[in-house]
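1. mind folding the following:
(chains A and B)
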There are 2 protein chains.
Amino acid sequence: MKSQTRSTKTTAKKTTAKKKSLKTYTFKNSQKLFQRALKVIPCGIYGHFSPAPLIPATSYPFYAERAKGSHFWDVDGNEFIDYMCAYGPMVLGYNHPGVDQAAMKQLKRGNCITAPTREMVELAEQLVDLNTAADWAFFAKNGGDVVNQSIMLARAATGRTKMMLVKGGYHGVSSWMQGPGHYGVVEQDCASNVYVDWNNIQQVENAVSQHRGEIAAFLATPYHHPTFGDSELPADGYWQKIRQICDREGIVLIIDDVRCGFRIDMRGSHEYFGFKPDLACYCKAIGNGYPISALVGREELKTYAAKVFYTGSYWFSSVPMAAAIACMKEMKKINAPRVMIKQGKKLWDGIAKMADGYGYDMKVSGMASMPTLRITNDPSMMLHQDWCAEATRRGAYFTSHHNWFISAAHTDTDIKKTLDIADEAFKAVKKKYGDEY
Amino acid sequence: MKSQTRSTKTTAKKTTAKKKSLKTYTFKNSQKLFQRALKVIPCGIYGHFSPAPLIPATSYPFYAERAKGSHFWDVDGNEFIDYMCAYGPMVLGYNHPGVDQAAMKQLKRGNCITAPTREMVELAEQLVDLNTAADWAFFAKNGGDVVNQSIMLARAATGRTKMMLVKGGYHGVSSWMQGPGHYGVVEQDCASNVYVDWNNIQQVENAVSQHRGEIAAFLATPYHHPTFGDSELPADGYWQKIRQICDREGIVLIIDDVRCGFRIDMRGSHEYFGFKPDLACYCKAIGNGYPISALVGREELKTYAAKVFYTGSYWFSSVPMAAAIACMKEMKKINAPRVMIKQGKKLWDGIAKMADGYGYDMKVSGMASMPTLRITNDPSMMLHQDWCAEATRRGAYFTSHHNWFISAAHTDTDIKKTLDIADEAFKAVKKKYGDEY
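-> Got it, this is the predicted structure:
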């Protein structure tokens, strides 16, 4: 077991020493602003950005000042190579000139108007052209908006109520999505949920038998990327079997491609895994940070999408639509998912190899464009958390409890610098925890 | 009973004639774009913007090209004085220079970044300072986001499940909000809903007795503004009695100020009606069209707001926050609600008086800043719908089935021109329907 008191031990290997150490950051302005925030905002900062899971929180910047490309600067003037990418939305780099220009041009004409603009039609046409699951598209604001809508459509189309979900899957903050046991969630909101383990076809078959004719939808992410856990790709034939079962049982197959979308395959993440869903949900990367989400689906479900009443105050804003048109065009042009996977692979391979040199087993799971990292010989995660924090304090923003994101703007120079930082972070934890952990 | 065949009758009074008639618009480009849209978007245009409730739909522009101040222009080059204000968000005028400048300045620094910016803290401080129900603030994207969150908080705080709702009240598109009988809504999602009629205290008392200790929240809009119905202000003492009952029974009093917010009183619409809610929901007018919503509440509920997990992909975007700071500052400076009520009153009084001259009883209900209009001696609403359409075809965008919105940018010139248009629209329907309807 490791302990903070071991920080004086000096058993760390000296093999990588003698480079000039990187400056470690302080976060005085972040902390000052946070004290102000605590008075007027629950938690100071809420949700998955909350300082609570950033351990040790004092090693993290709480407030950004500006951003550009793959970097952001905090309110203390510290610069970070960002491996969270705004938790996904940043995909072409912060303030991408092409996307911002399209958005500003549209803003000058008008933002949120009583009627939509032609950009709504053009964006739908573009998505239908691009995404192999899309015969039509519908736009909203949050990922959760379109996931909720997909369930309403599946229920309207099937006349059934139950939803089959993968244990630990994240789909948003609605009561039924969070599931039983969370604050503010009441049991009856989750009464339609039928849970199965990821990659377990037998459980799906059992659930189908148990609730024959009652299951409206099977909802899952293209691969499993739970918070606080390793990511897991689909087993060979998994999605094809799920597709077969859904067809056989009249179940609507929905994929929540909110997080992976545009980070695996421009045609939709389902293409990479070789199947077609009935409905697919997008958000995050679709507009490089401009707020928009999309539901796409098969022709057969279009009438239900027309019948289910679904709308929101800002859903026809033309600025995020213009941004999304430009963003998807640019992503397609450079094949952004391929760039991200390539750059990601360089970095994670480098980190895993480096970890090995320090005697750590770094497990990298999920796709290289949004992998989950975990030092396996540290069951408490304390050392891993500390390693992430030490890297962040040196300028590579790593989070310990969540998958990371890479963008198409992460350069070879970024990756080289990140590897240097990762190395110093390994040294720091080795010094603190020694060989026993 | 009216009939389209009466359009040839010429019983219309000639008293107002002899001015040069206004040009009536055509919508060729809108219709062309709509035909394209139908192929790739369910309904072509969905939600409350859907052409379906715009009767006759062919009298309405479907797509906007640009907007400025209180006007927008459609894709056919037609200009409209806009009385829908993007269904609420436009409050200071489209492309308000101060708000857009603040947003663009922020955009140049960064939009949606991994960490929030200082604007989040400043916006919360501003709202706490301004709104008398706010000891803290939380920001999201949709009005429905914060209404859902308010219910989760009330449930977490009370350990109870049921929600008391006003029949016909609109709170968003979540399954439980839409209520039983709507497409995609399953009964169990509404199992916690306890409905009462607006302004009926006895029903509230009865529901409380029947479900003693089970009701987590009373949720209503500050005044009743149902779709397809007249608006109704609270009866004298209504809110004070509701407050008393909530205090006595330990029920969380939530107001959904999403639609009226910043159109009645800068301190929150509850101030105008003389009570204090425990939680209040804002959206629409808060950022003059930039996508942001807010939940504010009493100190006692802050810990629950911290405990309930609630987040979204774009909720920390700094651009809408910078816009909201500038928007609220400007609204406060000019006392925007007072301006809107004053301008609204001029117009609705003018329209009602004019209707009278044509033998129509125009009922104007709700607040003057977002009134509902209905010709009462037309039970089928056909004549009223036609009157709205005739006005729209002449350049004043009127909707027949929904309250209207006025902004602080509607000028006296706008109102004078709108009255001229309304007059021509009255003439047109008089000519079509005659004296019998």
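
2. was I right to think A:Phe405 contacts A:Tyr83?
-> Yes. With contact defined as CB atoms under 8 Å, A:Phe405 counts as touching A:Tyr83 (6.6 Å). Heads up, the C-betas are built off the backbone N, CA and C, glycines and all.

3. what segments of chain A are strands?
-> Counting by DSSP state E, chain A has strands at residues A:64-68, A:71-74, A:79-82, A:136-140, A:162-166, A:193-196, A:215-220, A:252-256, A:279-282, A:293-297, A:362-365, A:372-375, A:396-397.

4. so the first one, near chain B or not?
-> Yes. Applying CB under 8 Å from any CB of the partner chain, one finds strand A:64-68 in contact with chain B at A:64-68.

5. cool, the last one as well?
-> Yes. If you take CB under 8 Å from any CB as the test, strand A:396-397 does meet chain B, through A:Tyr397.

6. what strands line up against that strand, and which way round?
-> strand A:79-82 (parallel) (DSSP bridges).

7. which other residues reach the partner strand?
-> Contacts to strand A:79-82, defined as CB atoms under 8 Å, 6 or more residues apart in numbering or on different chains, come from residues A:61, A:67, A:70-74, A:90, A:94, A:392, A:395-397, A:407, A:410, A:414, A:417-418, A:421, B:114.

8. cutoff 10 Å now
-> Applying CB atoms under 10 Å, 6 or more residues apart in numbering or on different chains, the contact partners of strand A:79-82 are A:25, A:60-61, A:64, A:67-74, A:90, A:93-94, A:347, A:391-392, A:394-398, A:404-407, A:409-411, A:413-415, A:417-418, A:421, B:113-115.

9. which residues in the stretch 201-350 of chain A form helices?
-> A:201-210, A:238-249, A:269-272, A:302-307, A:318-334, A:336-357 (DSSP state H, counting those that start in this stretch).

10. ok so, going back, looking at the strands of chain A, which is buried most?
-> Mean neighbours per residue, mean count of other CB atoms under 10 Å in any protein chain shown, is largest over the strands of chain A for strand A:279-282, with a mean of 30.

11. packing partners for that one?
-> Applying 3 or more CB pairs under 10 Å, 6 or more residues apart in numbering or on different chains; DSSP states H and E, one finds that strand A:279-282 contacts strand A:136-140, helix A:143-158, strand A:215-220, strand A:252-256, helix A:269-272, strand A:293-297.

12. can you say which of those is nearest to chain B?
-> When these are compared by CB to the nearest CB, helix A:143-158 sits nearest chain B, at 3.0 Å.

13. just want the angle from that closest one to helix B:143-158.
-> 90 degrees (axes from the mean of the first three to the mean of the last three CA atoms, to 10 degrees).

14. and helix A:143-158, how far out from the chain middle?
-> 20 Å (CA atoms, centre = their mean, to the nearest Å).

15. same question, stretch A:323-341
-> On CA atoms, centre = their mean, the centre of stretch A:323-341 falls 17 Å from that of its chain.

16. still on that earlier bit, now do the shared contacts for A:Phe405 and A:Tyr83.
-> Contact with both A:Phe405 and A:Tyr83 is made by residues A:344, A:370-371, A:399, B:114, according to CB under 10 Å, 6+ apart.

17. let me know the closest of those to A:Gly213.
-> Ranked by distance to A:Gly213 (CB to CB), these are led by A:Met370 at 36.7 Å.

18. pull the contacting residues for the closest one.
-> Going by CB under 10 Å, 6+ apart, A:Met370 touches A:83, A:85, A:88, A:223, A:225, A:231, A:259-260, A:263-264, A:285, A:340-341, A:344, A:402-406.

19. near chain B, from those?
-> Applying CB under 10 Å from any CB of the partner chain, the subset of the contacts of A:Met370 adjacent to chain B comprises A:83, A:85, A:88, A:259, A:285, A:405.
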